[in-house]
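**Student:** Mind folding the following:
(chains A and B)
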Amino acid sequence: MQQFRQLRPVSKENIPLEQIHTMISFKFFEEFGRYLLLMKKSFVRPEKMSIYRKELLRQMIEIGVGSVGIVIIFSVFLGAVLTVQTAYQFTSPLLSKSIIGSIVTNSTIIEMAPTVTCLILAGKIGSSIASELGTMRISEQIDALEIMGINSAAYLVLPKVIAATIMIPIIIIIGAFLQILSGLVVGHVSNVVTATEFMQGSVQYFIPFTVTFAIIKATTFGFIISSVSAYLGYYTTGGALQVGNSATRAVVASCILILVFDYLLAELLL
Amino acid sequence: MIEIRDVRKAFGEREVLKGVSGMFETGKTSLIIGTSGSGKTVLMKCMVGLIKPTGGSVIYNHDVDFTLLDEEGRKEIRKQIGMLFQGTALFDSMSVEENILFPLNMFSDMSVKDKLNRVNFCLERVNLKGTNKLHPSELSGGMRKRVGIARAIVLNPKYLFCDEPNSGLDPQTSILIDELIHEITEEYNITTIVNTHDMNSVLGIGDYIIFLHQGLKYWEGNRHEVFASTVKEMNDFIFASRFLKEIKERSSGN
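**Tutor:** This is a model prediction of the structure:
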C-alpha cells in the first residue's frame, strides 16, 4: 500500500490538462492520417485481376452469406418485439390500430434495420476482419506477401471493403423485410393488430425516400465497419493478446462511428 | 550477389545497427549470426526492404541500390527474392499446394498444368511429395519449414533469405533443413543469406559468416575459420556450450 502511494505522483495527474488534450488530438490525427494512407495504398489497380476477383467472391460469401443467419434471428425477434411494444403503448380507442404498422415499418426502414443491425454486424464482421488481419500480421503472413512483391494492403483490405460495402446493404434489405414481416405475423397472431390493419398503416404512411436513405446508411456503415476493422487489424503489433485488443477496438470504434454517422446522415439527408 | 555498406538502423533513440558492411556472394550460403537482440533480424529486414534503414546502402547485383528504389522498383527486385520466415508465414486458409501456387498465380502466365507440375517438382525437391492437399495446421514444424522453402523457390529466385530456419526444430530435422538450403543454393546458384544462432548451421553450411554483436560486425570469415577466431565476443557466443568449449580446448591442446 505504501509503495502504491509512492507511485501515484508519476501518474497523469501531474500533466496539465491542456497537454493531455494536445496529446489526444495528436494521437487522433496520427491515427486518422495512417488510416487514410492505408486506404490510399489499398485503393489501387490490382496486380492480377483474376486473383482479386476470386478473393472478392470469397469475402462476399464470408461477409454476406456468413452473416445472414444472425441477421435472420435478430430481425425476426426485433420485428416481433417492436410490434408488441408499440401496441402496448397505443391504448387509446381514438387511435387507429393501423398506426402500429406505420410505426413498425418506418422505424424499421429508417433506424432499426440499417443502424441497429449494423451495430450487430460490427461485432461479427468487425472482430473477424481485425483478428484475421492481426493474426496475419503477427505471424508474418503480411510480410510474406510484401516480400513476394504483392501490395498486401490492396490484396487483403480492398476485397474486404468492397465485399462489405456491397453485401451489407443487401443483408439490411433482407433484415428490414423480415422485421416488417415478423411484426405483421406476430401482431396478427397475438391479436394486437390484424394483418390488414398493419399493411394499411405500412402503405399509408410509407415514404419511398426512406428506402434510399436506409441503403445509403447501410453502404456507409458497411464501409466504416470493414475499413476501420481492417485498419486496426493491419497495424497490429505484438502477440495474441494484441490481436484480441485489435478485435475489441475494431468493434468499439465501428459502433461509435456508426452512431456518429447515423446522426450526421440524418441531419444531412432528412 | 548482395552487398551491404554501412547499414544503420535506429528506432527512436535506440540504435540497433551501427554500420554493418558485408558481401554475400552468389552460389554461397552466407550466415548472419549473433546473440538474441544483436540486430540479425533487423539487418535481414533492412536487406529485403521490410524496414527502411536509417543509413547505408543495400546493393543488389553490383549496381542496384535497393534503399534508393521507389515502390515499383522494389517490387521488381522482390520478385527475385524468396524468403523463409521464422514462423514459416504459410497462409493458414490455403492448402500446401495453394500456398506454393500463390506466387505462381500472381506472377506467372504458365498454364494450370505447368503450374501444378512446378508445384509438384518443388514439393519433391523438399521431400514432401503427396502433401498437396494438407493444410499448414496438419503439418509438423519441419514439414512447415520445408513447405516454406518450396514456396520460396517456386519462382526460381536469385536471392534466398532464411530467418532462423532451425528455430523450434529438433537437431536432426535442423540438419536436414540446413542441408536442403545448402543444396538448393549450389544447385540453382542462388545468393542465400541465413539468420541463425544454431551452431550446427555455422559449422555445417557457413560459406561466409558475419558475427553481429550489439549492432556491430565483430567478425567475418567462413566455417573453417571459426575455431581460429580470437574475438572474445565471438568465442563467448560460439563456445557457449560446454561440449564445444571442450572440443576447442582439445584442438588447441593438440
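
**Student:** max-length helix in chain B?
**Tutor:** The longest helix of chain B (DSSP state H) is helix B:171-188.

**Student:** Check which helices and strands it sits against.
**Tutor:** strand B:29-34, helix B:141-153, strand B:159-163, strand B:191-196, helix B:199-205 (3 or more Cβ pairs under 8 Å, 6 or more residues apart in numbering or on different chains; DSSP states H and E). Backbone N, C-alpha and C define where each C-beta goes, glycine included.

**Student:** any idea how far residue A:195 is from the closest residue to residue B:251 other than its chain neighbours?
**Tutor:** Distance criterion Cβ to Cβ, 6 or more residues apart in numbering or on different chains; nearest residue to residue B:251, sequence neighbours excluded, is residue B:227 at 6.2 Å. Residue B:227 is 92 Å from residue A:195, where distance means Cβ to Cβ, to the nearest Å.

**Student:** Please apply the same query to residue A:94.
**Tutor:** Computed as Cβ to Cβ, the residue A:94 to residue A:195 distance reads 22 Å.

**Student:** quick revisit: what angle sits between the longest helix of chain B and helix B:141-153?
**Tutor:** Relative orientation of helix B:171-188 and helix B:141-153, computed by axes from the mean of the first three to the mean of the last three Cα atoms, to 10 degrees: 10 degrees.

**Student:** contact partners of helix B:171-188?
**Tutor:** B:27-29, B:84, B:125-127, B:141-142, B:145-146, B:149, B:153, B:156, B:160, B:162, B:165-166, B:169, B:190, B:192, B:194, B:198, B:200-201, B:204-205 (Cβ atoms under 8 Å, 6 or more residues apart in numbering or on different chains).

**Student:** are any of these buried, and which?
**Tutor:** B:28-29, B:84, B:125-126, B:142, B:145-146, B:149, B:153, B:160, B:162, B:165-166, B:169, B:190, B:192, B:194, B:198, B:201, B:205 (16 or more other Cβ atoms under 10 Å in any protein chain shown).

**Student:** Tell me which stretches of chain B form helices.
**Tutor:** All helices of chain B, identified by DSSP H, fall at B:40-48, B:71-78, B:96-107, B:112-125, B:141-153, B:171-188, B:199-205, B:232-238, B:242-253.

**Student:** among these, which is the most enclosed?
**Tutor:** When you average the neighbours per residue for each of the helices of chain B (mean count of other Cβ atoms under 10 Å in any protein chain shown), helix B:141-153 leads with a mean of 24.

**Student:** how far off helix B:112-125 does that one point, in degrees?
**Tutor:** Helix B:141-153 runs at 130 degrees relative to helix B:112-125, counting by the same axes, to 10 degrees.

**Student:** picking that back up, can I get the helices of chain B in a markdown table with mean pLDDT?
**Tutor:** Converted to a markdown table, the helices of chain B look like this (pLDDT from 0 to 100):
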| stretch | mean pLDDT |
| --- | --- |
| helix B:40-48 | 93 |
| helix B:71-78 | 87 |
| helix B:96-107 | 93 |
| helix B:112-125 | 94 |
| helix B:141-153 | 93 |
| helix B:171-188 | 90 |
| helix B:199-205 | 86 |
| helix B:232-238 | 86 |
| helix B:242-253 | 74 |
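
**Student:** Number of residues surrounding residue B:191?
**Tutor:** Other residues lying near residue B:191 total 23 when counted by other Cβ atoms under 10 Å in any protein chain shown.

**Student:** what comes up buried for stretch A:205-221?
**Tutor:** In stretch A:205-221, counting by 16+ other Cβ under 10 Å, buried: A:210, A:213, A:214, A:215, A:217, A:218, A:219, A:220, A:221.

**Student:** List phi and psi for the first one.
**Tutor:** Per-residue torsions, residue A:210: phi -60, psi -30 (degrees, to the nearest 10).

**Student:** So for it, what's the nearest residue that isn't a sequence neighbour?
**Tutor:** In this structure, residue A:210 finds its nearest non-sequential neighbour in residue A:109, 4.7 Å apart by Cβ to Cβ, 6+ apart.

**Student:** tell me the secondary structure for that neighbour?
**Tutor:** Put simply, residue A:109 is helix when judged by DSSP: H, G, I helix; E, B strand; the rest coil.
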